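J.: here's a sequence, model it:
(2 chains)
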Amino acid sequence: MFFLRKKKSHWEAMSSILQSTNYLERKSIKLYTESGVLLSPSDHVFFQDLTANVDKIVKDGRPESKTVTRISKDDQGTYWVLIRDEDFTELISTTYTVINAVSNIVKSDNIIGSVFKLDLTQSKVIDVYGKVESCYLIFNSDVLGYYPFVPSGEERLSSLELDMHDILRSNGLDMLSDFNKWYGISSIPF
Amino acid sequence: MVEKNNTFKVSRDKGLVSRMYFTWFLLGLLYAFFGLILNAFGVQISFIVVIVLGMGIFQYYMSDKMILWSTKAKVISREQDPQLFEIVERLAKRANIPSPKIAVMESSVPNAFATGRNPKNSLVAVTTGIRERLSSSELEAVLAHELGHVINGDMKVLAIANFFVTFTSFLMQMFFWNMLFGGMYGGNRRQNGGYIIVIYFITMLVYFIGQLLVLALTRYREYGADRTGSFLSGKPDELASALEKISGTISKIPTQDLRTVKTASAFMIIPALSGDDVAKLLSTHPPVQDRVRKLRKMRQEMNNIFSDS
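T.: Next up, the predicted model:
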């Protein structure tokens, strides 16, 4: 508590999810092979051809990459950069690359958050919490931490979110413990 | 902490038990040194020990009556709340202890407490607020927590711990008045002035450290009662849920969308030492978030959802 904390790099914090993959596998919690980066648009030229610009970032120097990206605009006027890759390490790496590039080219303020998804349908969680299919992990680039988000209809399943937070944190994931800042995201398109 | 009973078992939280023993060790060490210092300065403490001991024994034996008087809680009969009686009696039977007296306090603030020097003389009280807000299984979990305090003998433990702090507090006052008016030990104010100031500040420091250790011990006893209560009721999740309801923890998880709150101020870097850390040190109860976390972990162990075993 009295020690100065060494600040982790953006990549270190985001890639901490890779440390918990073994644990998640053992618990039959599946990592989705898709992620999303939510962007708030501005009049910057980058947003004029977002699809081409994102594609350029992803393929830059890696023409053989199997990562697939698409852009989706939601009803709130924000853009989703949706990234798909069967290799989870690649997925994390590409998501980080997109965030990093947007921060450098536009501004980090334009990044609202990035989202990953855990499939809970095969896990024992379902025995306790009933019909709950997935848990989103939102990564906040400002505080460099993940937090869980489990929408359940119009509500949130907060007790499961608290559980997921504890268990993921104890398995190496950099989690945001201050749940006053666990803001949800509506209409996640995956 | 109770490890085994005739009808239910509590597995030890080794970390918690060792922290408790370590705190006791530090408290003992602190007062052993303090005793040596007082002896070196030739301070006579026997009469203060007698007064504080007398007060402590009185408080220990009269605690149930005193707390009823101070909280205006009323001991109720079975006819007044059969459900409450049924839950308490069932839990007491499972714990193999006599069923405690039950009291209700008119207050909309949701709360509950237990008192009494031993299981035979124990009392469990709940507020009308907690009766209204909690479901019956959450209420059972809360009552099991309170019985956990009785089973673990927390009154006795904390009475002993508090004895040291009360003793230091008395001594501090004595030195203070002695500094002002002097001459308590036969010398005059000028002769004694130097050492009295030194011993006064040492006593203040011991009081402060002692208080922190007793507060830490109190918080550990809360964790202990959470654990004992959860094994007694088999409902750690319901206790977590009750704590969240009482403290409003769940309601602190924001309902706004991240899109609308994405501002720099909403995500300030958490300082290494926040006001919360200081508040934690001075609190008699552990933070609800930590208790809930431990309870959920306990339930996870019980349900084997996440554990590797």
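J.: what about the nearest residue to B:Val206 once chain neighbours are set aside, how many residues nearby?
T.: Distances taken as CB to CB, 6 or more residues apart in numbering or on different chains place B:Phe34 nearest to B:Val206, at 4.8 Å, with adjacent residues excluded. The C-beta positions use only the backbone N, C-alpha and C, and glycine is treated the same way. Neighbour count for B:Phe34, taken as other CB atoms under 10 Å in any protein chain shown: 22.
J.: buried residues in the helix or strand containing B:Phe34?
T.: Counting by DSSP states H and E, the element that carries B:Phe34 is helix B:14-40. By 16 or more other CB atoms under 10 Å in any protein chain shown, the buried positions in helix B:14-40 come out as B:16, B:19-20, B:23-24, B:26-27, B:30-31, B:34, B:38.
J.: list the contacts for the residue nearest to B:Val206?
T.: The contact partners of B:Phe34, by CB atoms under 8 Å, 6 or more residues apart in numbering or on different chains, come to B:168, B:202-203, B:206.
J.: try it again with 10 Å
T.: B:45, B:164, B:167-168, B:171, B:202-203, B:205-207, B:209-210 (CB atoms under 10 Å, 6 or more residues apart in numbering or on different chains).
J.: and the helix holding B:Phe34, how far out from the chain middle?
T.: Taking CA atoms, centre = their mean, to the nearest Å, one finds helix B:14-40 lying 18 Å from the centre of the chain it belongs to.
J.: ok, now stretch B:104-111?
T.: Relative to its parent chain, stretch B:104-111 has a centroid offset of 19 Å by CA atoms, centre = their mean.
J.: for it, measure first residue to last.
T.: With CA to CA, to the nearest Å as the measure, stretch B:104-111 spans 10 Å from end to end.
J.: buried residues in it?
T.: B:104-105, B:110.
J.: secondary structure and pLDDT for those residues - can I get that in a markdown table?
T.: As requested, the buried residues of stretch B:104-111 are arranged in a markdown table below (DSSP: H, G, I helix; E, B strand; the rest coil; pLDDT from 0 to 100):
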| residue | secondary structure | pLDDT |
| --- | --- | --- |
| B:Val104 | strand | 92 |
| B:Met105 | strand | 86 |
| B:Pro110 | coil | 78 |
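J.: now flag whichever of those residues is closest to A:Ser170.
T.: The closest of those to A:Ser170 turns out to be B:Pro110 (CB to CB; 30.3 Å).
J.: give me the mean pLDDT for the helix holding B:Phe34.
T.: Averaged across helix B:14-40, pLDDT comes to 84.
J.: can you give me the offset of whatever helix or strand comes next after that helix from its chain's centre?
T.: Using DSSP H and E, the helix or strand that follows helix B:14-40 in sequence is helix B:46-71. With CA atoms, centre = their mean as the basis, helix B:46-71 stands 17 Å off its chain's centre.
J.: any idea of the mean pLDDT in helix B:46-71?
T.: 78.
J.: list the buried ones in the helix or strand containing B:Thr168?
T.: Following DSSP H and E, one finds B:Thr168 within helix B:154-181. Neighbour counts over helix B:154-181 (16+ other CB under 10 Å) mark B:154-155, B:157-159, B:161-172, B:174-175, B:178-179 as buried.
J.: now the buried residues of helix B:14-40 in JSON lines, with distance to B:Ile197?
T.: Shown next, in JSON lines, are the buried residues of helix B:14-40 (distance: CB to CB, whole Å):
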{"residue": "B:Leu16", "distance to B:Ile197": "40"}
{"residue": "B:Arg19", "distance to B:Ile197": "36"}
{"residue": "B:Met20", "distance to B:Ile197": "36"}
{"residue": "B:Thr23", "distance to B:Ile197": "30"}
{"residue": "B:Trp24", "distance to B:Ile197": "31"}
{"residue": "B:Leu26", "distance to B:Ile197": "26"}
{"residue": "B:Leu27", "distance to B:Ile197": "26"}
{"residue": "B:Leu30", "distance to B:Ile197": "21"}
{"residue": "B:Tyr31", "distance to B:Ile197": "21"}
{"residue": "B:Phe34", "distance to B:Ile197": "17"}
{"residue": "B:Leu38", "distance to B:Ile197": "15"}
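J.: show me which of these is closest to chain A.
T.: Closest approach between the buried residues of helix B:14-40 and chain A, by CB to the nearest CB: B:Arg19, at 15.0 Å.
J.: and the gap between B:Ala41 and B:Ser137?
T.: Quick fix: residue B:41 is Phe, not Ala. 58 Å (CB to CB, to the nearest Å).
J.: oh sorry, the question was meant for A:Asn100
T.: Distance, A:Asn100 to B:Ser137, by CB to CB: 49 Å.
J.: please apply the same query to A:Glu12.
T.: 43 Å.
J.: more neighbours: which of those two?
T.: B:Ser137 (17 against 11).
J.: am I right that that one is in a strand?
T.: No: read with DSSP: H, G, I helix; E, B strand; the rest coil, B:Ser137 is helix and lies in no strand.
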